[in-house]
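Peer 1: structure for the following, please:
(one chain, ligands or ions: 2)
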Amino acid sequence: MTKAHPKKFHIKSFGCQMNVYDGERMSELLVDQGMSPAAPDEDADMVVLNTCHIREKAVDKVYSDIGRLRRKDGTSPMIAVAGCVAQAEGKEISRRAPSVDIVVGPQAYHRLPELMETAKAGKKALDTDMPAASKFDILPSRGKQARPNAFLTVQEGCDKFCTYCVVPYTRGAEISRPWADLVDEARALVDGGACEITLLGQNVNAWSGEDDKGRMQGLDGLIRALDKIPDVKRIRYMTSHPNDMTEGLIAAHGEVDKLMPFLHLPVQSGSDRILKAMNRSHSAQSYLDILEKMRAVRPDVALSGDFIVGFPGESDQDFEETLQIVREANYSQAFSFKYSPRPGTPAAVMEEQIAPEVMNERLQRLQALLNEQQYAFNRQTVGRTTDILLERKGKLEGQLIGKTPWLQSVHIISPDLNIGDLVEVEITQAGPNSLTGQIKERMAA
Ligand code: 5AD
Ligand code: SF4
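Peer 2: Ligands and ions are numbered 1, 2, ... in the order given. Next up, the predicted model:
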């Protein structure tokens with residue numbers, strides 16, 4: 001059956017911030033095609049599910065969402081499955097969910113307009129190529145920004161092959177985008193109204209490239225270049241691998257004022273035995289050594305991390321070592337997950353898979369400790385005066401929510417301020433997940 005050309009679209013991104021970035025680029029592409037985003041209460045005639053394959057639960061969500069898109073009259077909008085589930089499952093998706101019209105991988109979404117033509121003709125459209133030509137050269141350039149805090153993907157893919165992880169298979173080999181493209185995109189983002197830029201990559205600190213003078217640079221060089229753009233007020237980056245944490249990047253934290261004192265550095269486990277089985281190629285001690293160097297140049301740096309509990313073969317002793325590294329490292333926030341076997345990864349076929357009740361118990365204990373540290377970190381900031389970037393409206397009348405340099409959310413009441421303002425506040429109260437502040441002064445924009 002042929003379908004009409006869709007006019008209103010809705011994009012739903014799951015998973016990591018790189019998916020949020022891809023979702024924004026797809027949205028700009030569809031707008032460039034004359035379509036417009038559907039309002040929240042409006043029925044979209046095209047829905048893009050920008051999916052995540054990292055854990056089984058994330059995949060299940062996609063299939064239940066596809067089911068829910070069926071309208072009361074039995075019809076559905078044009079449905080595109082994008083992202084890592086599309087890459088990993090390809091044709092299998094249309095078999096499991098016949099209402100899906102388009103399946104498009106993370107390296108091929110610039111071809112959405114052509115795929116929509118195929119779908120309009122009533123045929124299934126599939127593109128999970130990892131083409132040599134970069135999608136970034138084809139996508140429309142960045143325009144007006146919806147948020148003051150913009151994402152900028154600088155690096156994609158991963159060559160690390162941690163034994164539990166699908167990313168090297170779904171996102172492909174590590175590639176760094178060229179210097180000039182990134183500086184141009186950063187400029188376009190601030191011209192479009194953003195003032196904070198978060199550099200993104202699965203292994204963002206592995207970024208490398210030649211600068212405009214032909215010298216090889218690492219992520220720190222790129223950060224220093226963005227620092228020179230006057231309208232860039234804040235710079236962040238994530239996610240980093242311990243092995244790519246160079247001396248230069250650590251030094252930048254002590255020297256570049258716009259680089260925020262925040263480091264997302266996943267350790268995954270505190271046990272060297274498990275780290276080896278995970279193919280992480282760092283040890284608990286080498287991780288702690290990086291933190292020591294970082295804190296020597298930037299004592300107030302806030303630390304974030306990722307943890308997996310219940311990796312195959314994880315003993316009580318291994319798990320105790322994870323709790324121990326958390327105590328030593330001291331996190332301001334962190335993400336922790338139960339190990340989820342992913343098809344095609346080496347860990348999925350390892351012996352000694354851990355029982356779900358053991359995983360649950362370990363996750364609860366780990367999260368209790370991480371929550372305690374997060375709350376303690378938040379309480380420490382009470383009484384401090386700091387700048388916050390206002391990012392969104394709160395639920396209450398006149399309420400706005402902004403972020404501290406350490407990435408904590410702060411609620412303020414101020415009817416005369418706007419999203420995008422950078423203001424000085426005194427932190428007056430701390431909760432486990434957010435802070436309350438009072439305006440001191442509006443900072444020069
Ligand atoms: N099971 C559970 N967690 C995983 N992660 C990656 N793969 C898996 C998996 N198979 C977690 C890691 C990674 C984060 C993005 O997701 O902690 O850092
Ligand atoms: Fe996955 Fe490891 Fe690469 Fe991170 S470094 S994306 S966990 S393989």
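
Peer 1: please count neighbours and contacts with C-alpha atoms only from this point.
Peer 2: Will do.

Peer 1: stretch 204-223 near ligand 1 at all?
Peer 2: No. Stretch 204-223 lies apart from ligand 1 when judged by C-alpha under 6 Å from any ligand atom; the minimum separation is 12.6 Å.

Peer 1: start to end distance for that stretch?
Peer 2: From its first residue to its last, stretch 204-223 covers 12 Å (C-alpha to C-alpha, to the nearest Å).

Peer 1: cool, and stretch 26-37?
Peer 2: With C-alpha to C-alpha, one end of stretch 26-37 sits 11 Å from the other.

Peer 1: do the same with stretch 96-110
Peer 2: By C-alpha to C-alpha, one end of stretch 96-110 lies 25 Å from the other end.

Peer 1: buried ones in that stretch?
Peer 2: Neighbour counts over stretch 96-110 (16 or more other C-alpha atoms under 10 Å) mark 99, 100, 101, 102, 103, 104, 105, 106, 107, 108, 109, 110 as buried.

Peer 1: among those, which lie within strands?
Peer 2: 102, 103, 104 (DSSP state E).

Peer 1: nearest to residue 191, of those?
Peer 2: Nearest to residue 191 among those is residue 104, at 30.3 Å by C-alpha to C-alpha.

Peer 1: is the closest one bridged to anything, and to what?
Peer 2: residue 82, residue 127 (DSSP bridges).

Peer 1: which residues touch it?
Peer 2: For residue 104, the contacting residues are 80, 81, 82, 83, 86, 87, 112, 126, 127, 128, by C-alpha atoms under 8 Å, 6 or more residues apart in numbering.

Peer 1: tell me the two of these that are most distant?
Peer 2: Taking C-alpha to C-alpha, no two of the contacts of residue 104 sit farther apart than 87 and 112, at 14.4 Å.

Peer 1: which of those two has more residues huddled nearby?
Peer 2: residue 87 (28 against 21; other C-alpha atoms under 10 Å).

Peer 1: quick check, the more buried one in a helix?
Peer 2: Yes. According to DSSP: H, G, I helix; E, B strand; the rest coil, residue 87 belongs to a helix.

Peer 1: against residue 107, how distant is it?
Peer 2: 9 Å.

Peer 1: mutual contacts of those two, please.
Peer 2: residue 128.

Peer 1: re earlier: and of the buried residues of stretch 96-110, the nearest to residue 382?
Peer 2: Set against residue 382, the nearest of those by C-alpha to C-alpha is residue 106 (42.0 Å).

Peer 1: wait, residue 231 sits on residue 197?
Peer 2: No. Using C-alpha atoms under 8 Å, residue 231 is not in contact with residue 197; the gap is 10.5 Å.

Peer 1: in terms of neighbours, single out the busier of those two.
Peer 2: Taking neighbours as other C-alpha under 10 Å, residue 231 and residue 197 compare with residue 197 leading, 22 against 18.

Peer 1: note down every partner strand of the host helix or strand of that one and its orientation.
Peer 2: Element membership of residue 197 [criterion: DSSP states H and E] is strand 196-200. Using DSSP bridges, strand 196-200 pairs in its sheet with strand 149-153 (parallel), strand 234-238 (parallel).

Peer 1: for it, give me every contacting residue.
Peer 2: Counting by C-alpha under 8 Å, 6+ apart, 17-18, 148-155, 186, 232-239 sit against strand 196-200.

Peer 1: right, is that strand up against ligand 1?
Peer 2: No. Residues of strand 196-200 contacting ligand 1 under C-alpha under 6 Å from any ligand atom: none, with a closest distance of 12.7 Å.

Peer 1: kindly format the C-alpha coordinates of that strand as PDB.
Peer 2: The C-alpha coordinates for strand 196-200 follow below in PDB (Å, rounded to 0.1, in the frame of the first residue of the first chain):
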ATOM      1  CA  GLU A 196      27.500  25.600  26.400                       C
ATOM      2  CA  ILE A 197      29.000  22.900  24.100                       C
ATOM      3  CA  THR A 198      29.300  19.300  25.200                       C
ATOM      4  CA  LEU A 199      31.700  17.400  22.900                       C
ATOM      5  CA  LEU A 200      30.500  13.900  22.500                       C
END
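
Peer 1: how about the helix or strand that it is followed by: buried residues?
Peer 2: Next along the chain after strand 196-200, taking DSSP H and E as the criterion, comes strand 208-210. For strand 208-210, a neighbour-count test (16+ other C-alpha under 10 Å) marks 208, 209 as buried.

Peer 1: helices along the protein, start to end?
Peer 2: For the chain, the helices defined by DSSP state H occupy 17-32, 56-68, 83-89, 92-96, 112-120, 167-170, 179-191, 219-227, 247-255, 272-277, 284-297, 316-329, 356-380.

Peer 1: show me what the fifth one packs onto, helices and strands only.
Peer 2: Translated: helix 112-120. Under the contact criterion of 3 or more C-alpha pairs under 8 Å, 6 or more residues apart in numbering; DSSP states H and E, helix 112-120 touches strand 102-104, strand 125-127.

Peer 1: kindly report the same for the second one.
Peer 2: The helices and strands touching helix 56-68, judged by 3+ C-alpha pairs under 8 Å, 6+ apart, are strand 46-51.

Peer 1: how about the stretch 1-150 of the chain: which residue is closest to ligand 2?
Peer 2: residue 54 (8.6 Å; C-alpha to the nearest ligand atom).

Peer 1: which residue is the nearest non-sequential neighbour of that residue?
Peer 2: Closest residue in space to residue 54, ignoring its immediate chain neighbours: residue 166 at 6.3 Å, by C-alpha to C-alpha, 6 or more residues apart in numbering.
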